[in-house]
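S.K.: Please find the sequence and the predicted model below.
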Amino acid sequence: AQTVTQSQPEMSVQEAETVTLSCTYDTSESDYYLFWYKQPPSRQMILVIRQEAYKQQNATENRFSVNFQKAAKSFSLKISDSQLGDAAMYFCAYRGSGTYKYIFGTGTRLKVLA
Amino acid sequence: DGGITQSPKYLFRKEGQNVTLSCEQNLNHDAMYWYRQDPGQGLRLIYYSQIVNDFQKGDIAEGYSVSREKKESFPLTVTSAQKNPTAFYLCASSTVGREKLFFGSGTQLSVL
């Protein structure tokens, strides 16, 4: 069975600095999707970034980028120029290409210090 | 605007009572999901449905039931067999060609 592991329960970053959140996953599939979702205090889940496993190029969305290491089964999220509004829970998620099932990690709480 | 509507926002359950959480989507998505979130924890899959009149158990289906009679609707019933129902419940949907989950705003269920 596929699993998603986020080993950092909590992280802190100074405003305007860069922070990296870690995620590892376990799968025997070769084709899949990986996601980072943000959950602010409102508890609304927001998609931050998505990566298709068949694409070697790392996905980027403005200040957010990923470091996708397929062989290592690692999918970290880098947030540049951190802002107070980035403070939230961040969840890593996996979905195999042949299934509708999405699997989530336990999350990392990010605090942004002014 | 298209989206997912969950109701109610807050729900209270008495001992031995069944309660039903509503989830409606107008995105024309094929698949719908229910996740449970406990404080400080990740999302755990309760049930999901890929098509009308079909659904699969997730990792924590015991004490819950669902139905999928219409494409737009996927209600979740928390039965009296669920002994620890207090949690935040999230409904989501997705479709082929849009490989991501769209989420509702959630229902907080508490026990009186």
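M.R.: Perfect, thanks for sending it. Numbering: from 1, shown residues only, chains lettered A, B, ... in the order given.

S.K.: So which residues of chain A form strands?
M.R.: With DSSP state E as the criterion, chain A has strands at A:3-5, A:10-14, A:19-21, A:24-26, A:32-39, A:46-52, A:60-61, A:64-69, A:74-79, A:88-96, A:102-104, A:108-113.

S.K.: Dump the ones you listed into a markdown table; add distance to chain B as well.
M.R.: C-beta coordinates here come from the backbone N, C-alpha and C atoms, glycine included. Below are those laid out as a markdown table (distance: least, C-beta to the nearest C-beta, whole Å):
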| stretch | distance to chain B |
| --- | --- |
| strand A:3-5 | 8 |
| strand A:10-14 | 10 |
| strand A:19-21 | 14 |
| strand A:24-26 | 13 |
| strand A:32-39 | 5 |
| strand A:46-52 | 5 |
| strand A:60-61 | 13 |
| strand A:64-69 | 14 |
| strand A:74-79 | 15 |
| strand A:88-96 | 6 |
| strand A:102-104 | 4 |
| strand A:108-113 | 8 |
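
S.K.: for those, which one sits closest to residue B:75?
M.R.: Nearest to residue B:75 among these is strand A:102-104; the distance by C-beta to C-beta comes to 20.0 Å.

S.K.: Report the central residue of the chain.
M.R.: Using chain A here. residue A:36 (3.3 Å; C-alpha atoms, centre = their mean).

S.K.: nope, chain B please
M.R.: Using C-alpha atoms, centre = their mean, the most central residue of chain B is residue B:34, at 3.1 Å.

S.K.: what's the average pLDDT for the helix or strand containing it?
M.R.: According to DSSP states H and E, residue B:34 maps onto strand B:31-37. The pLDDT scores in strand B:31-37 average 96.

S.K.: Which positions within it qualify as buried?
M.R.: Across strand B:31-37, burial judged by 16 or more other C-beta atoms under 10 Å in any protein chain shown covers B:31-37.

S.K.: near chain A, from these?
M.R.: B:31, B:33, B:35 (C-beta under 8 Å from any C-beta of the partner chain).

S.K.: Is it correct that the last one is in contact with residue B:90?
M.R.: I take that to be residue B:35. Yes: between residue B:35 and residue B:90 there is a contact at 4.5 Å, judged by C-beta atoms under 8 Å.

S.K.: list the residues that contact both of those two?
M.R.: Common contact partners of residue B:35 and residue B:90 (C-beta atoms under 8 Å, 6 or more residues apart in numbering or on different chains): residue B:43.

S.K.: does the helix or strand of chain B with the lowest mean pLDDT come close to chain A?
M.R.: In chain B, no helix or strand scores lower on mean pLDDT, DSSP states H and E than strand B:98-103, which sits at a mean of 86. Yes: judged by C-beta under 8 Å from any C-beta, strand B:98-103 and chain A are in contact via B:99-101, B:103.

S.K.: what's the neighbour count on residue A:44?
M.R.: When neighbours are defined as other C-beta atoms under 10 Å in any protein chain shown, residue A:44 has 13 of them.

S.K.: do the same with the one 10 residues further on
M.R.: The criterion is other C-beta under 10 Å. On that basis, residue A:54 has 11 neighbouring residues.

S.K.: ok, now residue B:73?
M.R.: Counted with other C-beta under 10 Å, residues neighbouring residue B:73 total 14.

S.K.: Repeat that for residue B:6.
M.R.: 21.

S.K.: Which of the ones next to chain A among the buried residues of strand B:31-37 lies at the shortest distance from residue B:2?
M.R.: When those are compared for distance to residue B:2 (C-beta to C-beta), residue B:31 wins out at 15.3 Å.
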